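Undergrad: model this:
(2 chains)
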Amino acid sequence: MRWTSATLILSTALLATLAIPSGCTTSIPRGALAMSEVTLQQRQLQTRRFDTKDEKKILTAAAGLLQDLGYTIESSAVPVGMIMASKDREAVDAGQVAGAVVVAALFGTRVAVDSHQKIRVSLVTRPVPEGIALRVTFQRIVWNTDNNISRLEFLDDPAMYQEFFDKLSKAVFLEAHSI
Amino acid sequence: MTRGHVELAVRIFAGAVVLAPLASCGTSKSHVLSTNESQVKLRSIQTRAFDTTDREKMLRTVMATLQDLGFVIDSADETLGTVSATKLSGYVVKMTVSVRARNESQQLVRANAQYNLKAIEDPEPYQQFFAALEKAMFLTAHQVD
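TA: Here you go, the predicted structure:
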């Protein structure tokens, strides 16, 4: 049988269908919407309390800090204490690029490496008996050099959260207490 | 059978295989107003009533619960009583939760979520969400008929 362009297209379509049914049948992983043993730990890592009753002051300072860090504010709802922001940046990892170069040299195959990312952050304030508590959460989407999504992840580095709160503490001239 | 016939047979077979799974998904435009489960059943899976008059507290607790579950809050609207959020963990879960007064003593909380490209219509994830929410509210989530 000759490989006409039509048969080639059909064969490709046939392969493509292997992926289609999965898009119609996959379901959410168990526990994706359940509390887990790390929930409390994460909450402590991501939350600080400030000795003030002025929720607006904390939100205003936090919005300013997000701008200082290069984020674009996407939405906010001050009456319920919420700000959401994001930024698009490069995501080139030197180690990963070096690995891809080695693979290319040894096997002659090109490997896609991380190229750019969108970092998303939301911060939520709430009045607590001893002041205002603020919780911040970061996540990111990373695309590779083929423009495919390579990572969808929550950012949980304790040092990152600590640095954020150190900066916020300076911005509001108040100490950030752990909860 | 000639070579032409073989080729035709292969094409018809391939065509059938290609189209069969697509049929179960409907046309892409049909998704605009579609639901798989019956609307009544889905609403009952996605809705709970809480014995509180404090709508703002309910809304704030919904946001805190979503943060506990690893979501980033995308937007909130205190007038509509809605909160939308996204969870990224190797997959994408998007969720909208709305809070409105049911009667003089209760707030009705409705949640709907999607996992990647699919609506979540399985009761279990919603049960887990409301279990987390009632713990955070220190209140029982009542099933609504």
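Undergrad: I'd like to know how far the spatially most central residue of chain A sits from residue B:91.
TA: Geometric centre of chain A, nearest residue: residue A:139, 1.5 Å, by CA atoms, centre = their mean. For residue A:139, the distance to residue B:91 equals 12 Å [CB to CB, to the nearest Å]. For every residue, glycine as well, the C-beta is placed using N, CA and C.
Undergrad: any common contacting residues for those two?
TA: Common contact partners of residue A:139 and residue B:91 (CB atoms under 8 Å, 6 or more residues apart in numbering or on different chains): residue A:152.
Undergrad: okay, now residue B:135: neighbour count?
TA: 14 (other CB atoms under 10 Å in any protein chain shown).
Undergrad: Now for it: which residues touch it?
TA: Per CB under 8 Å, 6+ apart, neighbours of residue B:135: residue A:35.
Undergrad: could you point out which element follows the host helix or strand of it?
TA: Take DSSP states H and E as the rule and residue B:135 turns out to sit in helix B:123-137. Using DSSP H and E, the helix or strand that follows helix B:123-137 in sequence is strand B:141-143.
Undergrad: what lines up beside that following strand in the sheet?
TA: strand B:47-50 (antiparallel) (DSSP bridges).
Undergrad: coming back round to it: quick check: the residue nearest to the centre of chain A vs chain B, distance?
TA: Distance check for residue A:139 against chain B: by CB to the nearest CB, to the nearest Å, it reads 5 Å.
Undergrad: Just list whatever residues bridge to the nearest residue to that residue once chain neighbours are set aside.
TA: Spatially, and ignoring its direct neighbours in sequence, residue A:139 is nearest to residue B:88 (4.6 Å; CB to CB, 6 or more residues apart in numbering or on different chains). Residue B:88 has the following beta-bridge partners by DSSP bridges: residue B:92.
Undergrad: where does the residue nearest the centre of chain B land in three-state SS?
TA: Centroid-nearest residue in chain B, with CA atoms, centre = their mean: residue B:113, separated by 2.1 Å. Here residue B:113 is strand, with the state taken from DSSP: H, G, I helix; E, B strand; the rest coil.
Undergrad: just checking, it touches residue B:128?
TA: No. Counting by CB atoms under 8 Å, residue B:113 does not reach residue B:128; the two are 11.0 Å apart.
Undergrad: which residues are in contact with both of these two?
TA: What both residue B:113 and residue B:128 touch, as defined by CB under 8 Å, 6+ apart, is the set residue A:33.
Undergrad: Which residues are in contact with residue 114?
TA: Looking at chain A here, since you left the chain open. A:91-93, A:96, A:142-145, A:150-151.
Undergrad: nope, chain B
TA: B:93-95, B:120.
Undergrad: what's across from it in the sheet?
TA: residue B:94, residue B:119.
Undergrad: Need the max-distance pair from the contacts of residue B:114.
TA: Greatest spatial distance in the contacts of residue B:114: B:94 and B:120, 9.7 Å, computed using CB to CB.
Undergrad: Model confidence for residue 69, exactly?
TA: Using chain A here. Listed pLDDT for residue A:69 reads 96.
Undergrad: not quite, I wanted chain B
TA: Taking residue B:69 on its own, its pLDDT is 96.
Undergrad: What count of nearby residues applies to it?
TA: 23.
Undergrad: How about residue A:146?
TA: Residue A:146: 11 neighbours (other CB under 10 Å).
Undergrad: Residue A:66 too?
TA: Neighbours of residue A:66 (other CB under 10 Å): 22.
Undergrad: Tell me if I am right that it is in a strand.
TA: No. Under three-state DSSP, residue A:66 falls outside any strand and is assigned helix.
Undergrad: Chain neighbours aside, what residue packs nearest to it?
TA: residue A:85 (4.6 Å).
Undergrad: Next, the buried residues of the one helix or strand the one you found maps to.
TA: Element membership for residue A:85 (DSSP H and E) is strand A:82-90. Neighbour-count burial for strand A:82-90, counted by 16 or more other CB atoms under 10 Å in any protein chain shown, picks out A:82-86.
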